[in-house]
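Visitor: what's the 3D shape of this:
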Amino acid sequence: MHEYSKKEIAFERVLFFSDAIVAIAITLLALDLKLNVTEGKLLSFRDLLLPWHKYLAFILSFVNIAGCWRAHHDFFVYINKMDERVFMFNIFWLFFIVTLPFATTVLSEHFGQSPAVFLYSLNVLSLSIFQNCIWDYAAKKEYMNRQHLDDTQLRFLRWILNLDMLNGLIGVILSLFIPKIAFFLLFFKVPLALIAALGRFRKKIVPAKIPVKN
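Guide: The predicted structure follows:
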């Protein structure tokens with residue numbers, strides 16, 4: 001299996017292509033923001049507020065895509081090699097980035113309905129799964145520059161990625177029964193935010209280990 005190292009053209013082209021796809025996807029989100037105003041009628045503030053569900057879906061997807069892009073960027077600060085498997089994981093990750101605007105449109109037009117929230121949650125879950133695959137595989141194959149990444153940082157990032165996947169899974173399950181709660185959890189990332197906050201709190205109160213001299 002051929003490996004591409006950082007700074008090689010093949011490696012950099014994958015990153016440039018990924019950035020371009022993410023930029024297009026995040027731009028497409030805005031195309032769904034439209035006002036339904038009767039021709040000849042004066043625009044009112046009520047008209048601006050009526051598509052509130054579209055605004056919420058847009059914000060959620062914008063934050064999701066921006067967060068995924070940030071994670072992807074952070075990954076490849078440390079990942080310095082790539083093979084065909086990393087490449088394929090990245091392609092699937094991009095696929096679910098591209099489908100998110102469609103899921104956002106369905107969600108905004110059928111806000112609070114179970115199939116719409118299920119489709120959106122499944123898209124978010126799939127994104128987080130392939131995001132995990134990229135990082136896990138690179139860590140397993142030791143494709144990372146560990147000079148600026150210690151074990152504590154590695155575990156914390158692994159923890160956050162798992163929580164992100166858990167957040168999507170909870171959204172998928174709840175969308176079948178209480179879709180509005182599922183949307184609420186997706187929007188505020190409640191499980192992720194609570195457990196991450198707990199992790200930061202524990203990190204502050206746990207005293208540093210003092211090395212023992214033999």
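
Visitor: ok, and the closest non-adjacent residue to the most centrally placed residue in the chain?
Guide: Among the residues of the chain, Cys68 comes closest to the average C-alpha position under CA atoms, centre = their mean, at 3.5 Å. Leaving out its chain neighbours, the residue that sits closest to Cys68 by CB to CB, 6 or more residues apart in numbering is Leu127, at 5.9 Å. Glycine gets a C-beta too; all of them are placed from N, C-alpha and C.

Visitor: so what's the residue count around His2?
Guide: 8 (other CB atoms under 10 Å).

Visitor: that one contacts Asp83, correct?
Guide: Yes - if you go by CB atoms under 8 Å, His2 and Asp83 touch, sitting 6.5 Å apart.

Visitor: what ranges do the strands span in this structure?
Guide: 4-5, 81-82 (DSSP state E).

Visitor: and those, which one is worst for confidence?
Guide: Ranked by mean pLDDT, the strands of the chain bottom out at strand 4-5, which scores a mean of 87.

Visitor: separation between Leu100 and Ile160?
Guide: 20 Å (CB to CB, to the nearest Å).

Visitor: wait, Ala139
Guide: The value you get for Ala139 to Ile160, if CB to CB is used, is 14 Å.

Visitor: then Leu154?
Guide: 11 Å.

Visitor: more crowded one of Leu100 and Ile160?
Guide: Neighbours were counted for Leu100 and for Ile160 using other CB under 10 Å; Leu100 has more, 25 against 15.

Visitor: with adjacent residues omitted, what lies nearest to Ala182?
Guide: Leu174 (3.7 Å).

Visitor: wait, the one you found sits on Lys180?
Guide: No - contact criterion CB under 8 Å: Leu174 and Lys180 do not qualify, at 9.2 Å.

Visitor: those two: which is more packed in?
Guide: Neighbours were counted for Leu174 and for Lys180 using other CB under 10 Å; Leu174 has more, 21 against 14.

Visitor: can you list the residue ranges for helices in the chain?
Guide: Secondary structure of the chain by DSSP state H: the helices cover 9-28, 45-49, 52-78, 84-109, 114-140, 151-175, 179-188, 190-205.

Visitor: nearest to Glu39, of those helices?
Guide: helix 45-49 (12.7 Å; CB to CB).

Visitor: done for today, thanks.
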